[in-house]
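Novice: Okay, here's the prediction I keep looking at, along with the sequence it came from:
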Amino acid sequence: MTSLAAPTTTAVEKTTLSYSDDGAALTFTAGGQQIATYTYKPTDSQYESPRPYFHPLTTLGGDEVTIFRPWDHVWHKGLSLALPNVGKDNFWGGATYTRATGYANLDNNGAMTHGAFTNIDDAGTGITAAEELVWSSQDGTPVIAEKRRFNVQLLDGPSVKEPATTAWVLLFETEISNISPDVIEIGSPTTEGRDNAGYGGLFWRGPRSFTGGQFRSEAGTGQDEFMGTRSEWISFTGQHDDTCRFSSVTFVEHGTNPGAPNQWFARSSMFACLGAAPFFSEAVPLQAGRPLTYRYAVVISDGEVDGQSAAELAGAAKTALEAWA
């Protein structure tokens, strides 16, 4: 495992970006403001499908845009890669939905276990971490090997409406390979028969106060009607308690992802959440020797975006993602 004892820094547009490692989590700081923590050795119960997660994620202005273990779904962990229907295994947490049982506790909650950081590089734009993980069934049987990369960088994009603060972006790539003896069908509750419940993928859960916020994409502005829609990018704006400020989270999908543009799992009225959902309405087979690779950008920005500024932020994130990928 790469030693990360000493924080390193890189200068990006006169702001210092740095990281530190405490042996269980990487913490990223920009200009003295902590903006992201990546917990790679979680201590969650097996029922919550232990896996690495990003929490808290914070704007450069200091507003937190994630929630951890909300009482309604304690397995929601900030921003994480989580999949509920992976063959017989659940790498999402909680009960599993199948045609045969509906939602039921099936003793099939797997875990995504950190193996090693193969590299952490701050020589280019931002800081990139490369990680190896193994996904194992609840009984400990390995089923999937994952190669994961993510990059934290400040985004040279437009300022949003209020306040005029430059955004930052998390670039994320996962390559999953089948190491089990059988083909693994990756699906969702919707592929198992539950309507409009195609969650599973890179998933974000927002603060309670973001409930009722607005989505924006190339199709316009709205709320729960964005569930299951397809677009290259989608943005969500919510308002914080206490400060009453706005923050925005924008997802961008790389055009080479299998099935792109894939559907989005998007909720506003129940609680604020957004996820890339490539297995929303159709199961995808993961075969030995044929890995699946998905890439995304997630922009964290201060203020309330409109259609134009959201599109500009998405465009800047797309450029960063293509340059990094």
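Specialist: Perfect, thanks for sending it.
Novice: hey, let's count contacts and neighbours off CA atoms from now on
Specialist: OK.
Novice: where does the protein have low pLDDT?
Specialist: 1-15, 157-165 (pLDDT under 70).
Novice: which residue lies farthest from the center of it?
Specialist: Ala100 (29.6 Å; CA atoms, centre = their mean).
Novice: State which strand of the protein is the longest.
Specialist: strand 142-154 (DSSP state E).
Novice: Quick one: list the elements packing against it.
Specialist: strand 127-136, strand 168-178 (3 or more CA pairs under 8 Å, 6 or more residues apart in numbering; DSSP states H and E).
Novice: which other residues reach the last one?
Specialist: Going back to what we said before, that points to strand 168-178. Here strand 168-178 makes contact (CA atoms under 8 Å, 6 or more residues apart in numbering) with 59-60, 143-155, 184, 286-301, 317, 321.
Novice: do that again at 6 Å, thanks
Specialist: Strand 168-178 is contacted by residues 144-155, 287-288, 291-300 when judged by CA atoms under 6 Å, 6 or more residues apart in numbering.
Novice: Which helix or strand contains Ala276?
Specialist: strand 273-277 (DSSP states H and E).
Novice: How far does that strand sit from its chain's centre?
Specialist: 8 Å (CA atoms, centre = their mean, to the nearest Å).
Novice: so how far is Glu232 from Arg216?
Specialist: Computed as CA to CA, to the nearest Å, the Arg216 to Glu232 distance reads 12 Å.
Novice: now do Thr250
Specialist: Look at Thr250 and Glu232: by CA to CA, they are 11 Å apart.
Novice: So which of these two has more stuff around it?
Specialist: Thr250 (25 against 19; other CA atoms under 10 Å).
Novice: quick one: the more buried one and Gly238 touch, right?
Specialist: No. Counting by CA atoms under 6 Å, Thr250 does not reach Gly238; the two are 11.6 Å apart.
Novice: that older thread, and the residue farthest from the centre of the chain, how close does it get to Ala167?
Specialist: In terms of CA to CA, Ala100 sits 45 Å off from Ala167.
Novice: how much space between the residue positioned nearest the centre of the chain and Leu274?
Specialist: The chain has Leu202 as the residue nearest its centroid, 3.7 Å off, counting by CA atoms, centre = their mean. Going from Leu202 to Leu274 by CA to CA gives 9 Å.
Novice: Could you give me the buried positions within stretch 90-100?
Specialist: 90-98 (16 or more other CA atoms under 10 Å).
Novice: In strands only, show me the residues you listed.
Specialist: Per DSSP E, the buried residues of stretch 90-100 map to strands at 90-91, 96-98.
Novice: can you pull up the bridge partners for Trp135?
Specialist: Met112, Ile144 (DSSP bridges).
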